[in-house]
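1. Pasting the sequence and the predicted model now:
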Amino acid sequence: MNLGYLESVIKQFEYYKLLGEKTFSQLDDEDLFWKYNEDSNSISVIVNHLSGNMLSRWSDFLNSDGEKVWRKRDEEFENNIKTREVLMQKWNQGWNCLLETLYSLKESDLTKIIYIRNEGHTVIEAINRQLAHYPYHIGQIVFIGKMITNNNWKSLSIPKGNSQKYNDEKFSKEKKKRHFTDDFLKNNKES
C-alpha cells in the first residue's frame, strides 16, 4: 500500500525538521549567522536555500516545473536573513509548503510524472530526491551547531558512550507494531 510510503516520508521529513529546530534552540542568535570561513555557509544561508528550494519544488507540485521561473537560487546563498525571527519565518514557510503538499497527495498521484528543470520524475522519485537533499543540509546545520556549542552540545541522538544503555531500555519494552494513523488514512483516501 503506497499510503505507507507517504506516511513514512512525512515522518522522515518531520524528523529532520525537528533536528534543525533542536539545533536552533541550542544556539544564540548571532550563532545562526556564523561562518567557518568566507567560502562556508552559515546556518542562516542554509535555511534560506532550503526555504527557496522547498517553495520552488512544492508549490503547484503536480502542475508546474519544480524549478519555478521566480526562483533566484543564487540569491539563496547570500546572507540576507538578519534575525532569528526572519530565519524561523523562512524555515516554517518552506516546511509548511512541503508538508501541506505531501499531506494533499493521494496514492494515485505517486506514479504521476512531474518535472524539475524539464527532467521528468515520478512523484515518488521527486520526493526521494528531496528526502536525500534536505537531510544533507540539516546535517550541515547540526554540524555547525555542534562546532559552535563545542562541549555544551546536547546530543540529538544517542550520546557517545550510551548505546548499550539506550538499547537495554528499548529492548526492555514490548515490541511495537507500526501502523497507519487514522487521521493520515482519512485524509488520504481516494476521492
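-> Here it is on my side, so go on.
2. Can you list the low-confidence ranges for the chain?
-> Under the criterion pLDDT under 70, the flagged ranges of the chain are 1-3, 178-191.
3. and residue 121, that's in a strand?
-> Yes. Under DSSP: H, G, I helix; E, B strand; the rest coil, residue 121 sits within a strand.
4. so what's it bridging to?
-> residue 114 (DSSP bridges).
5. To what extent is it buried, counted in neighbours?
-> Neighbours of residue 121 under the rule other CB atoms under 10 Å: 16. From N, CA and C alone the C-beta is placed, and that goes for glycine too.
6. how much space is there between it and residue 111?
-> 11 Å (CB to CB, to the nearest Å).
7. before we move on, what about residue 87?
-> 37 Å.
8. who's more crowded, the two?
-> Each of residue 87 and residue 111 has its neighbours counted (other CB under 10 Å); residue 87 has more, 21 against 11.
9. Secondary structure element holding the more buried one?
-> Using DSSP states H and E, residue 87 sits in helix 84-104.
10. In terms of secondary structure, what does that helix contact?
-> helix 3-24, helix 43-58 (3 or more CB pairs under 8 Å, 6 or more residues apart in numbering; DSSP states H and E).
11. Would you check that residue 53 makes contact with residue 133?
-> Yes. Using CB atoms under 8 Å, residue 53 is in contact with residue 133, at 7.2 Å.
12. quick one: which of these two has more around it?
-> residue 53 (21 against 14).
13. Report the contact partners of that one.
-> Residue 53 makes contacts with 73, 76, 94, 130, 133, as judged by CB atoms under 8 Å, 6 or more residues apart in numbering.
14. among those, which ones are buried?
-> 76, 94, 130 (16 or more other CB atoms under 10 Å).
15. how about the last one, what does it touch?
-> When contacts are counted by CB under 8 Å, 6+ apart, residue 130 touches 53, 54, 57, 98.
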